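A.B. asks: Return a 3D structure for these sequence lines:
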Amino acid sequence: MSHHIPVTHADLQAYVDGQLGAERQREVESYLQQNPDTSTMVEDLLRINKEIHKAYDPVLDEPLPEQLVIRQRKPSAGLLDVAAAICWMMLGGVIGWQFSSMMVTTAPADTLTAHLVKPAAFAHVVYTPEVRHPVEVSGDEQEHMVKWLSKRLKTTLRIPDLRSHGFELVGGRLLPSTDRMAAQFMYQREDGVRITLYNRHGGWGDEQTSFQYTKQNNTAVFYWIDGPLGFALVGNLDKLELFKLSETVYQQLN
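C.D. replies: Take a look at the predicted model:
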């Protein structure tokens, strides 16, 4: 009796590196056909992989630059090894950045849409235009806000620091979310652009999902499940920029 083995981030990385067996490769390709967002990311990585090889593989065949030759000593082949290592570190860094948070998707898509994506997008549209009352608790009271919202959601919340991306914390608020409570944290950039991070304590069990991308009435959303908590990062940004922010959020929360 055969058993279906879920596609993991390790499988996706091995696929990009061309290290899968024929049968597993067919299974991954089938998975990618059913998951267009993941497929797009994999295609981008394959293209980046090809460009990196094109740009840096010739370096391995170049002679050692004259200014690097140590006089009265036999030139070492170690520099070529270093060059090769740098190339592969660059490639590995790009692939690791893309796949570090990709896990097996198990939560039903319609459940996530109804209980996470739509409420998050709607709350974003409602509160980000507010001038005087965009949040209930200001970012200046971050410690109080975390304790209060953690108590109401009956879980431990953390607030990511997105200043490295140019976003300052505005504050947060408590929200209803279908049959449960949710917390929304709002951030703002110098140009006035706002993004929100929606946190909801689940109903889907202790699961993990890959990043999923969608749009709700032209509002972009990256969302994922990590254990009992669901997260949705919402903003009118391009897909790559919002993905990078999601990566930072995920890394800080873990």
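A.B. asks: Can you show me the strands along this protein?
C.D. replies: Using DSSP state E, the strands assigned to the chain run over residues 137-138, 167-177, 180-189, 194-201, 207-208, 212-216, 219-227, 229-235.
A.B. asks: Now that we have these, can you turn them into a markdown table and tack on mean neighbour count, mean pLDDT and distance to T38?
C.D. replies: (Glycine included, C-beta is placed from N, CA and C.) Below are the strands of the chain laid out as a markdown table (neighbours: other C-beta atoms under 10 Å; pLDDT from 0 to 100; distance: least, C-beta to C-beta, whole Å):
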| stretch | mean neighbour count | mean pLDDT | distance to T38 |
| --- | --- | --- | --- |
| strand 137-138 | 16 | 94 | 36 |
| strand 167-177 | 19 | 94 | 26 |
| strand 180-189 | 22 | 95 | 26 |
| strand 194-201 | 24 | 94 | 22 |
| strand 207-208 | 16 | 66 | 15 |
| strand 212-216 | 17 | 87 | 9 |
| strand 219-227 | 21 | 89 | 12 |
| strand 229-235 | 25 | 94 | 17 |
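A.B. asks: Give me the domain ranges for the chain.
C.D. replies: Split into domains by automatic domain parsing, the chain comes to 9-99, 109-253.
A.B. asks: still on that earlier bit, for the strands of the chain, give me TSV that also has distance to I48.
C.D. replies: What follows is the strands of the chain, written out as TSV (distance: least, C-beta to C-beta, whole Å):
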stretch	distance to I48
strand 137-138	41
strand 167-177	26
strand 180-189	27
strand 194-201	26
strand 207-208	25
strand 212-216	19
strand 219-227	20
strand 229-235	23
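A.B. asks: and T8, which of those strands is closest to it?
C.D. replies: Of all those, it is strand 207-208 that lies closest to T8, at 10.3 Å by C-beta to C-beta.
A.B. asks: need the helices for this structure, in chain order.
C.D. replies: Residue ranges of the helices in the chain, as given by DSSP state H, are 9-17, 22-34, 36-56, 78-99, 109-112, 118-127, 142-153, 239-253.
A.B. asks: related to what we said a few turns ago, tell me which of the domains of the chain sits most buried.
C.D. replies: Across those, averaging neighbours per residue (mean count of other C-beta atoms under 10 Å) puts domain 109-253 on top, at a mean of 18.
A.B. asks: From the chain's centroid, how far away is it?
C.D. replies: Distance of domain 109-253 from its chain centroid, counting by C-alpha atoms, centre = their mean, to the nearest Å, is 13 Å.
A.B. asks: L32 contacts V42, doesn't it?
C.D. replies: Yes: judged on C-beta atoms under 8 Å, L32 makes contact with V42 at a distance of 6.1 Å.
A.B. asks: closest to P119 out of the strands of the chain?
C.D. replies: Comparing the strands of the chain by C-beta to C-beta, strand 167-177 comes nearest, at 4.8 Å.
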